[in-house]
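Trainee: when you get a sec, could you give me coordinates for this:
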Amino acid sequence: MCKVTDLRQSVLARNDRGAQELREELSARGTVMVNLLSSPGSGKTALLESELGLARLRGVPVAALTADLATENDATRLARSGAPVRQVLTDGLCHLESAMVRSHVDTWLPEGTHLLFVENVGNLVCPASYDLGESLRVVLASVTEGEDKPLKYPTAFGLAHLVLVTKYDIAGAVGFDEPAFLAAVAQVNPGVEVVRTSARDGDGAGVLLERALAVHAGAAVHRPVMARTAVQHGHTHGHDHGRAHEHLHEHPHEHPHEDAAGHTRSVDHTH
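Mentor: Numbers count the residues shown, from 1 in each chain. Below you'll find the predicted structure:
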């Protein structure tokens, strides 16, 4: 008789064990990790550059990891804030995993860092299923992407603690239907906070930083219905802030690598 092993579930389970261990270690260090997810071109680098700059002005110890398949462009931009920044090159992998983040926390993250912002690979599919050890998960959607994105990517939006609408300064020009978008978000994640932002005119500036600092101070995060449903069905992994991930894939994919950390390269952009 042949025994079939679900490699995907095995990889996810291993990732979640590592994520929970990392979350506990970061908590002991007094560091909150913020995981930023979005489609490519949503404006998350511009938003993060602004938030890092505000944090530095306020004297908040922050750092950032930014992930891409190639180029160091985002790290170069983020480093202009003066915060310690490291670029993670995934060499084709469409998402980060907890082991990748751990390698940088162990060898690079400055002591005393209060907030570690992680800019995930631009993708609303694969990254949604991978817990990195974050305490705050933020999903961004630009006004140019369409109002139905939360319904098309329910895992990404359904497990978010905070949703940011970016490029709001051009919402009128592109005909963004805000009520339709809010209704779509509410359908997959009732009660989650949705904030308008614009890196160009400063709308919503500092909101991400304030929410992250609140978590650092001990505030509870929003608990998505999807996470609570997963708890009831026993398909979860406990998190410090009462959150759980349900591993729902919009499409199946394999993970042939044995050591995720071994398949990344990094470049420091620290000032």
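
Trainee: give the buried residues for stretch 98-106.
Mentor: By neighbour count on 16 or more other Cβ atoms under 10 Å, the buried set for stretch 98-106 is 98, 99, 100, 101, 102, 103, 104, 105. All C-beta spots, glycine's among them, are computed from the backbone N, C-alpha and C.

Trainee: stretch 60-78 now?
Mentor: Residues of stretch 60-78 classed as buried: 60-68, 72, 74-75, 77-78 (neighbour count, 16+ other Cβ under 10 Å).

Trainee: contacts only, for residue 171.
Mentor: 143, 165, 178 (Cβ atoms under 8 Å, 6 or more residues apart in numbering).

Trainee: just the buried residues of these.
Mentor: By neighbour count, with 16+ other Cβ under 10 Å, the contacts of residue 171 hold 143, 165 as buried.

Trainee: list the helices and strands the helix or strand residue 105 falls within packs on?
Mentor: Under the criterion of DSSP states H and E, residue 105 resides in helix 98-107. On a contact count with 3 or more Cβ pairs under 8 Å, 6 or more residues apart in numbering; DSSP states H and E, helix 98-107 meets helix 7-29, strand 62-68, strand 85-89.

Trainee: would you list these in JSON lines and tack on distance to residue 173 and mean pLDDT?
Mentor: Formatted as JSON lines, the helices and strands packed on helix 98-107 follow (distance: least, Cβ to Cβ, whole Å; pLDDT from 0 to 100):
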{"stretch": "helix 7-29", "distance to residue 173": "40", "mean pLDDT": "89"}
{"stretch": "strand 62-68", "distance to residue 173": "28", "mean pLDDT": "94"}
{"stretch": "strand 85-89", "distance to residue 173": "32", "mean pLDDT": "91"}
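
Trainee: deepest-packed of the ones you listed, please.
Mentor: Each of the helices and strands packed on helix 98-107 was scored by mean neighbour count; the highest is strand 62-68, a mean of 26, by mean count of other Cβ atoms under 10 Å.

Trainee: what's it in contact with?
Mentor: 45, 48, 52, 55-56, 74-75, 78, 83-90, 96, 100-101, 104, 109-110, 113-122.

Trainee: so how far does stretch 200-211 reach from one end to the other?
Mentor: Start to finish, the residues bounding stretch 200-211 are 21 Å apart (Cα to Cα, to the nearest Å).

Trainee: name the residues that touch that stretch?
Mentor: By Cβ under 8 Å, 6+ apart, the residues outside stretch 200-211 that reach it are 34, 47-48, 50-51, 54-55, 58, 60, 115, 136, 138, 162, 164, 167-169, 193, 195-198.

Trainee: report the contact partners of residue 161.
Mentor: 136, 137, 138, 192, 221, 222, 224, 243.

Trainee: possible to save the residues you listed as a markdown table with pLDDT, distance to residue 184 and secondary structure?
Mentor: A markdown table is the format used below for these (pLDDT from 0 to 100; distance: Cβ to Cβ, whole Å; DSSP: H, G, I helix; E, B strand; the rest coil):
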| residue | pLDDT | distance to residue 184 | secondary structure |
| --- | --- | --- | --- |
| 136 | 98 | 22 | strand |
| 137 | 98 | 18 | strand |
| 138 | 98 | 17 | strand |
| 192 | 98 | 12 | coil |
| 221 | 97 | 21 | coil |
| 222 | 97 | 17 | coil |
| 224 | 97 | 14 | coil |
| 243 | 40 | 21 | coil |
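
Trainee: and these, which is closest to residue 155?
Mentor: Among those, residue 224 lies closest to residue 155 (Cβ to Cβ), at 10.3 Å.

Trainee: what's the distance between that closest one and residue 192?
Mentor: Going from residue 224 to residue 192 by Cβ to Cβ, to the nearest Å gives 7 Å.

Trainee: shared neighbours of those two, anything?
Mentor: By Cβ under 8 Å, 6+ apart, residue 224 and residue 192 have these common neighbours: 160, 161.

Trainee: where do the helices of this structure begin and end?
Mentor: Remark: helices assigned in the chain by DSSP state H are 7-29, 44-57, 73-79, 98-107, 149-152, 154-158, 171-174, 178-188, 207-216, 225-232.

Trainee: to residue 131, which of those lies closest?
Mentor: Comparing the helices of the chain by Cβ to Cβ, helix 7-29 comes nearest, at 4.0 Å.
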